[in-house]
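Trainee: One predicted model, sequence on top.
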Amino acid sequence: MRSVLILGMVLILLAAPAFAGDSEGSQATGTASDSEYNFNVGVGKVDITPAEEVTLAGSPSPKKTSAVDTPLFVKAMVISAGEQKLAIVTLDTLEYSTGLAVKALEHIEETTGIPTGHIIICASHTHSGPLFSYYEDRLITSIGKAVAIAVNDLAPCKIGTSQGNVEGVSENRRVLIDGEAWNRWQLNPSERGNYPAEGPADPELNVLAAVGKDGKYKAVLYNYACHAANTRSALISADYPGHVQKYVEKHLGYEVATLFLAGACGDVNPNYNLRREIFGEKLGEEILESLRSIQLIVTPTLRIESSEDEMPGRELPEFKEAEISRKWPRQLEHYRRVFEEMYQRKRPAYKFLIHGIRIGDDFAIITNPVELFCEIGMSIKESSPFKNTMVATLTNGSSGYVPTARSFELGGYETWFGEHSFLAIRAGDVIKKESLRVLKQLEK
């Protein structure tokens with residue numbers, strides 16, 4: 001693969017103690033000298049909540065609504081060290097197409113001077129908002145505005161990282177029945193817990209937080225591997241990330257930007273019996289607990305590596321009529337249609353971007369533009385040379401599901417060729433290999 005290594009400014013300062021967050025108070029506790037505020041951080045957000053009735057994305061049987069549970073935002077966090085700047089943007093939307101993401105990256109570079117290789121745009125994958133096409137090009141403007149606000153908001157901060165675990169809120173949605181994979185929603189509710197899950201659900205929660213000189217948290221970036229797909233209520237919502245924001249702000253006692261990077265959750269859904277607000281509270285509690293043990297980044301390294309290539313398309317795509325008829329008969333004609341549409345526009349390969357970001361000595365973010373299966377993401381983190389690694393999916397584009405090779409053998413919704421599954425069966429192995437190559441380059 002062709003890769004471009006972009007080295008950020010590496011500044012080495014004297015070691016400083018870790019800082020701890022007070023989950024019930026208004027400030028990060030502990031004292032700090034000016035030398036600990038060795039990054040500049042700015043945040044910006046733009047409200048993108050529809051004002052009229054919209055069709056909620058993410059379901060073959062979509063619902064329409066104008067009622068709002070939690071608002072939708074574009075949020076931006078800009079981090080700088082010396083002359084180098086990094087922009088992390090999160091969108092409360094199901095996905096964001098690769099073509100529009102490229103335009104948004106170029107717009108940010110034109111308006112702020114931050115190079116496109118120093119920007120990641122991550123969709124939260126909420127199933128309770130309109131599809132990105134609803135916004136047309138307006139979302140590019142909103143993304144650029146949020147980043148511009150963050151650039152103008154840059155101020156000295158100290159940054160730290162932490163890890164936690166949240167059990168019992170998510171589950172692998174694929175279960176094995178007689179050697180085949182079924183999705184839990186294809187079964188009667190009374191049967192959903194009767195079969196073994198095909199793969200894992202990752203309980204790990206990764207956190208990066210920035211604190212300003214006023215002692216308040218300015219931004220909290222977190223990574224968790226679960227679909228934002230708690231869609232039982234027909235409401236416009238940022239889903240559980242929206243409730244995480246509400247919970248964290250309520251308990252800190254002031255406004256703080258919480259930015260969600262969707263982890264490797266292609267086959268992981270919220271526990272069916274858990275309401276989205278309870279899910280948000282569980283994650284919010286663990287984020288606040290993690291802030292108590294956060295470790296300060298004392299060497300303000302900012303380093304980025306980008307890998308740009310093409311991912312092969314699906315080998316010999318076929319319509320799985322018998323399997324769909326057996327597992328999800330009500331959606332047979334829907335999947336026949338999306339198969340035919342995707343077959344007409346299929347390509348031998350698709351543009352594919354991976355970004356690796358290193359902040360300090362032991363923290364990294366590795367991104368990809370797909371709905372990656374959880375097992376692959378966990379394997380990347382396990383093999384990463386960094387103590388704390390975020391795997392961010394649906395970033396700088398949207399290229400469908402990437403299951404494991406074994407999952408293709410077992411079948412199931414995520415493997416059916418169509419609008420959401422069109423990359424090569426070996427794509428998961430390629431992503432893992434290239435992600436680890438990029439992470440190892442960042443380690444040097």
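Mentor: Perfect, thanks for sending it.

Trainee: When you work out contacts or count neighbours from here on, use the C-alpha atoms and nothing else.
Mentor: Noted.

Trainee: And for Asn273, the neighbour number?
Mentor: When neighbours are defined as other CA atoms under 10 Å, Asn273 has 8 of them.

Trainee: Tell me which residues touch it, please.
Mentor: Under the criterion of CA atoms under 8 Å, 6 or more residues apart in numbering, Asn273 has no contact partners.

Trainee: State whether it is indeed within a helix.
Mentor: No. Asn273 is assigned coil when assessed by DSSP: H, G, I helix; E, B strand; the rest coil, not a helix.

Trainee: And it, how close does it get to Val169?
Mentor: 9 Å (CA to CA, to the nearest Å).

Trainee: again with Gln84
Mentor: Separation of Gln84 from Val169 (CA to CA) stands at 38 Å.

Trainee: Comparing those two, which residue is more hemmed in?
Mentor: Set Gln84 next to Val169 and count neighbours by other CA under 10 Å: Val169 wins out with 21 against 17.

Trainee: Pretty sure the more buried one sits against Leu274.
Mentor: Yes. Using CA atoms under 8 Å, Val169 is in contact with Leu274, at 6.9 Å.

Trainee: neighbours of Ser142, just the number please.
Mentor: Residues near Ser142, counting by other CA under 10 Å: 21.

Trainee: Next, the contact list for it, please.
Mentor: 46, 48, 74.

Trainee: Mind pulling up the pLDDT for it?
Mentor: On the pLDDT scale, Ser142 is placed at 98.

Trainee: element containing it?
Mentor: Per DSSP states H and E, Ser142 falls inside helix 138-152.

Trainee: what about the protein, any weak spots by pLDDT?
Mentor: Scanning the chain with the threshold set as pLDDT under 70 gives 1-33, 231-232.

Trainee: For the residue most central in space within it, list each beta-bridge partner.
Mentor: The centre of the chain sits closest to Ala262, judged by CA atoms, centre = their mean, with a distance of 2.2 Å. Beta-bridge pairing for Ala262 (DSSP bridges): Tyr224.

Trainee: What of Ala123?
Mentor: Beta bridges link Ala123 to Leu91 when assigned by DSSP bridges.

Trainee: Next, the contact list for it, please.
Mentor: 90-96, 261-262, 394-395.

Trainee: try it again with 7 Å
Mentor: 90-96, 394-395 (CA atoms under 7 Å, 6 or more residues apart in numbering).

Trainee: same thing with Glu95?
Mentor: Each residue near Glu95 by CA under 7 Å, 6+ apart is listed here: 123, 125, 132, 394, 398.

Trainee: Go again with 10 Å.
Mentor: Residues in contact with Glu95 (CA atoms under 10 Å, 6 or more residues apart in numbering) are 57-58, 122-127, 130-133, 369-371, 394-400.

Trainee: My guess is Ala424 contacts Arg347. True?
Mentor: No. Using CA atoms under 10 Å, Ala424 is not in contact with Arg347; the gap is 11.1 Å.
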